[in-house]
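Asks: Provide a 3D model corresponding to the input given below.
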Amino acid sequence: MIVSPCISICKSDPVTGFCYGCARNSEEKLKWKDKDTTDEWKSKNLIEIRSRIKGWQLESFNKSYKFKCENGISLEKKRKIELND
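Replies: Predicted coordinates:
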């Protein structure tokens, strides 16, 4: 199973339509939720969305996505949980 690239920073740029957190557009977000979407498409989409972001934003995405894959939650969700403790 390929983990969704959502890193819990869900706000879309009004010009490009891409999410500031994961760089997906609305159509891609829906396709990730579709049970019939293949892992092959998801793998290709991860490459595509990473190509949309650069510099510190790409570094931040990669760090949060890796953390999410390893721990089951994004760094942003972890931060929010810690704030509520």
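Asks: by mean pLDDT, flag the weakest helix or strand of the protein.
Replies: In the chain, no helix or strand scores lower on mean pLDDT, DSSP states H and E than helix 75-84, which sits at a mean of 92.
Asks: scan the protein for its longest helix.
Replies: Longest helix in the chain, counting residues (DSSP state H): helix 55-71.
Asks: neighbouring contacts of that helix?
Replies: Applying Cβ atoms under 8 Å, 6 or more residues apart in numbering, the contact partners of helix 55-71 are 3, 5, 7, 21-23, 50, 53, 73-76, 78. For every residue, glycine as well, the C-beta is placed using N, CA and C.
Asks: in PyMOL, select just the buried ones from those residues.
Replies: To isolate the buried ones among these in PyMOL, judged by 16 or more other Cβ atoms under 10 Å, type:
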select buried, resi 5+7+21+22+23+50+53+73+74+75+76+78
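Asks: I'd like the contacts of helix 55-71 as a markdown table, with distance to residue 35 appended.
Replies: Output for the contacts of helix 55-71, formatted as a markdown table (distance: Cβ to Cβ, whole Å):
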| residue | distance to residue 35 |
| --- | --- |
| 3 | 15 |
| 5 | 17 |
| 7 | 22 |
| 21 | 23 |
| 22 | 20 |
| 23 | 23 |
| 50 | 24 |
| 53 | 27 |
| 73 | 22 |
| 74 | 22 |
| 75 | 27 |
| 76 | 26 |
| 78 | 27 |
